[in-house]
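Student: Show me how the following folds:
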Amino acid sequence: MRGIVFSGGEGPSPERCRELLAEARREASPVLIAAADSGLEAAEAAGIRPGWILGDMDSLDDPARLAVYPAERVLRFPRAKDDTDTELALRLLRDQGCDELWIAGGGGGRTDHLLALRALFEQESPPRRWLTAREDIRLLDAEAGAGELSLACRRGTPVSVFPLGQGPWKAGSEGLRWPLEPVAWERGRFSLSNETDAGSFCIRALAGRFLALVLQRA
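Tutor: Numbering: from 1, shown residues only. Sure thing, here's the model as predicted:
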């Protein structure tokens, strides 16, 4: 079962959010949705009604938004807490039985929040996908059986790949200008601003965990 967390910060357009939900529903059923604090604004702008809203609600533009939701589906937490609102939403969806998690939002804004989101992909049971206003970010994990990403795209699409965890790492690719096979991966070494040289590409994590960032058309 797939779960989607709408997070605050820069996220996909309302139209892209609707496409994302339609894509999720084509591939998995049911799809559960949670909004983390001001992520509720993005979900509602796309006409999407989340099943749960949770967080400290310190970023929500208007608390009156919450009044139309059942009280038991609005989970409030104190501002002084160990986990971010997005982490809390991810945990809730895992507890509901979701085994694949996506995040929509979380781009731009404070760098510490951005780094906290990136760190989620190095934890146990990480998200599989993160969509911001301009990036489609995918987790590739050879050991978890989710080691391949194949996408159709325009030629020249920027693609960057970063190793995660402790390694060892090995990757292969097709359709990229600079193949990934020769890269001597280690912590702090990455493939930055690679690009596609065809109308599609494929990246394979042959060993270890990677984060692949695909820049979308502005």
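Student: now the strands for the protein?
Tutor: 2-6, 31-36, 52-55, 74-76, 100-104, 129-131, 135-141, 148-152, 158-164, 170-174, 191-195, 200-207, 209-215 (DSSP state E).
Student: now for the top helix by length along the chain, which elements pack on it?
Tutor: For the chain, the longest helix by residue count, based on DSSP state H, is helix 14-27. Counting contacts by 3 or more C-beta pairs under 8 Å, 6 or more residues apart in numbering; DSSP states H and E, helix 14-27 packs against strand 2-6, strand 31-36, helix 39-45, strand 100-104. Heads up, the C-betas are built off the backbone N, CA and C, glycines and all.
Student: neighbouring contacts of the longest one?
Tutor: Spelled out, it's helix 39-45. Residues outside helix 39-45 that contact it (C-beta atoms under 8 Å, 6 or more residues apart in numbering): 5-8, 11-12, 14, 17, 33, 35, 49-50, 53, 60-61, 65-66, 85-86, 89, 104-105.
Student: Can you check the pLDDT for the spatially most central residue of the chain?
Tutor: Residue closest to the average C-alpha location in the chain (C-alpha atoms, centre = their mean): residue 130, at 1.4 Å. pLDDT for residue 130: 96.
Student: who touches it in this structure?
Tutor: Neighbours of residue 130 in contact, by C-beta under 8 Å, 6+ apart: 102, 103, 106, 117, 121, 137.
Student: Reformat the helices and strands packed on helix 14-27 into JSON lines and put mean neighbour count and distance to residue 150 next to each item.
Tutor: Formatted as JSON lines, these follow (neighbours: other C-beta atoms under 10 Å; distance: least, C-beta to C-beta, whole Å):
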{"stretch": "strand 2-6", "mean neighbour count": "28", "distance to residue 150": "19"}
{"stretch": "strand 31-36", "mean neighbour count": "26", "distance to residue 150": "22"}
{"stretch": "helix 39-45", "mean neighbour count": "22", "distance to residue 150": "28"}
{"stretch": "strand 100-104", "mean neighbour count": "24", "distance to residue 150": "17"}
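Student: Reformat the ones you listed as JSON lines; add distance to residue 180.
Tutor: As requested, these are arranged in JSON lines below (distance: least, C-beta to C-beta, whole Å):
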{"stretch": "strand 2-6", "distance to residue 180": "27"}
{"stretch": "strand 31-36", "distance to residue 180": "32"}
{"stretch": "helix 39-45", "distance to residue 180": "33"}
{"stretch": "strand 100-104", "distance to residue 180": "24"}
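Student: Make JSON lines from these and add mean pLDDT to it.
Tutor: Output for the helices and strands packed on helix 14-27, formatted as JSON lines (pLDDT from 0 to 100):
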{"stretch": "strand 2-6", "mean pLDDT": "95"}
{"stretch": "strand 31-36", "mean pLDDT": "95"}
{"stretch": "helix 39-45", "mean pLDDT": "95"}
{"stretch": "strand 100-104", "mean pLDDT": "95"}
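Student: between these, which gets nearest to residue 178?
Tutor: strand 100-104 (28.1 Å; C-beta to C-beta).
Student: what are the pairing partners of the closest one, and which direction each?
Tutor: Strand 100-104 has its sheet partners listed here by DSSP bridges as strand 2-6 (parallel), strand 129-131 (parallel).
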